[in-house]
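Peer 1: Fold the stuff below for me.
(one chain, ligands or ions: 2)
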Amino acid sequence: MWTEELKEAAAFIRERDDFLVVSHVQPDGDAISSTVVVGWLLEKLGKKYTMLNEGAVPSRLHFLWKSSEILSLEDLEGEPPKKFRNVICVDCADYARVGRTEQWFAPAAELLNIDHHPTNDGFGLVNLMKFNAAATAEILFELLDTMELEPDTSAATAIYTGLLTDTGGFRYANTTPLVMSMASRLLQAGVNGPELAENLLERMSAGQLRILQRGLSRLELSSDQRIAWLWVTSEDLEETGATNEDLEGLVNYPRNIEGVEVGLLFKQNGEKSVKISMRSSGTVSVAAVAQAFGGGGHVRAAGCRLTDPLPEVIAKVVGEVQKTLDSL
Ligand code: 5GP
Ligand code: MN
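Peer 2: Ligands and ions are numbered 1, 2, ... in the order given. Have a look, this model is predicted:
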């Protein structure tokens, strides 16, 4: 039962001390928000903790409480200062998503896995997984309630940020009555909703606009017009001054075309590594497609990474999506 699972997760936290808190590689709004919410909770309980991510905190999330204290392996060299026995993983669809933060786990580390991805295989000693949660932040709000901790404005802002970003501004199919009631409570706790929406969803950097311009000029459609895709190379990023962060949201353009069932974005990362973002109108489960390539995610939003040259990756993935669509 869900309340029992919440209690078990609460016990994992209460009975231990000195935690490592990690989320997934190339962290997004929910990943960073969830990291700081766990940090906030641990601080409230007077516990010792270290927050760590393989990548850096995206600059538009720097406003979040103590996000500047999240260590990034990009800035650190050599051996970890110590290894942690108690690890809390948030928003990680599978164990591989923790990336190189694993180097900070003690060999006998015990993991609390808090996540909302349906492809999560329950890699923790304790697993707090709710597959119909809009965001990991939603689960954490329930955990705070279980532990009788009322979020202050800082914690509320982080939870709201996770909900806002993972629901695309309270618009996607995961925007349930529970999400809206949580948003209501968070606004009452002092969250500035319009300001967060403006900064996180509306504002575009110059690099973002330039990469959008270039990406759209390459839009391709399958012959049946049900799959649309864009691709971005490493040179594109260099020439436009765009960062990885500026690519977020780009996949929505192919996805939003009338009649398109699946939108894809191929991001080249070096010579032979391509990150693929997949979005579906719901007819096709892109989680299943991504999983076939070693990735994962949700029915309507998923991703994976392949190590082949870009044209081969495009052919392979578009082919797989087409096969899935044709079989329906
Ligand atoms: P995005 O396209 O925004 O990077 O990711 C969409 C969704 O798919 C997210 O929920 C994300 O966690 C999941 N996802 C993206 N890439 C991967 C991957 O390589 N492996 C797994 N398991 N999930 C991924
Ligand atoms: Mn999430």
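Peer 1: just checking, what packs against the longest strand anywhere in the chain?
Peer 2: Taking DSSP state E as the criterion, the chain has its longest strand at strand 105-115. Here strand 105-115 touches helix 2-14, strand 84-90, strand 126-129, helix 136-146, going by 3 or more C-beta pairs under 8 Å, 6 or more residues apart in numbering; DSSP states H and E. Backbone N, C-alpha and C define where each C-beta goes, glycine included.
Peer 1: Which among these is found nearest to ligand 1?
Peer 2: helix 136-146 (9.7 Å; C-beta to the nearest ligand atom).
Peer 1: Can you name the residue of the protein nearest ligand 2?
Peer 2: Proximity to ligand 2, evaluated over the chain using C-beta to the ion, is greatest for Asp30 at 3.4 Å.
Peer 1: What is the burial count for that residue?
Peer 2: Using other C-beta atoms under 10 Å, Asp30 has 28 other residues around it.
Peer 1: Please look at it and Ala135 and confirm they touch.
Peer 2: Yes. With contact defined as C-beta atoms under 8 Å, Asp30 counts as touching Ala135 (4.6 Å).
Peer 1: and for those two, which residues touch both?
Peer 2: Jointly contacting Asp30 and Ala135 under the rule C-beta atoms under 8 Å, 6 or more residues apart in numbering are 91, 162, 165-166.
Peer 1: Just the pLDDT at the residue lying closest to Val274 once chain neighbours are set aside, thanks.
Peer 2: The shortest distance from Val274 to any non-neighbouring residue, by C-beta to C-beta, 6 or more residues apart in numbering, is to Val313 (4.4 Å). Per-residue pLDDT puts Val313 at 97.
Peer 1: hang on, isn't Val313 packed against Phe266?
Peer 2: Yes. Between Val313 and Phe266 a contact is recorded at 6.2 Å, counting by C-beta under 8 Å.
Peer 1: list the contacts for Ala173?
Peer 2: 282, 300.
Peer 1: Does it lie in a helix or a strand, and which?
Peer 2: Assigned by DSSP states H and E, Ala173 falls within no helix or strand.
Peer 1: And the pLDDT at it?
Peer 2: 93.
Peer 1: Now it: phi and psi?
Peer 2: Dihedral pair for Ala173: phi -60, psi -20, per degrees, to the nearest 10.
Peer 1: From Ala302, how far out is it?
Peer 2: Noted for Ala173: a distance of 14 Å to Ala302, by C-beta to C-beta, to the nearest Å.
Peer 1: and which of the shared contacts of Asp30 and Ala135 is nearest ligand 1?
Peer 2: For the shared contacts of Asp30 and Ala135, the nearest to ligand 1 is Asp91 (6.9 Å; C-beta to the nearest ligand atom).
Peer 1: Count the neighbours of that closest one for me.
Peer 2: 29.
Peer 1: biggest helix in this protein, by residue count?
Peer 2: Counting residues, the longest helix found in the chain (DSSP state H) is helix 310-327.
Peer 1: Stretch 165-182: end-to-end distance?
Peer 2: The first residue of stretch 165-182 is 14 Å away from its last residue (C-alpha to C-alpha, to the nearest Å).
Peer 1: Kindly report the same for stretch 62-82.
Peer 2: Note: stretch 62-82 ends 26 Å apart using C-alpha to C-alpha.
Peer 1: Can you list the buried residues in that stretch?
Peer 2: 64-65, 67, 70-71, 73, 80 (16 or more other C-beta atoms under 10 Å).
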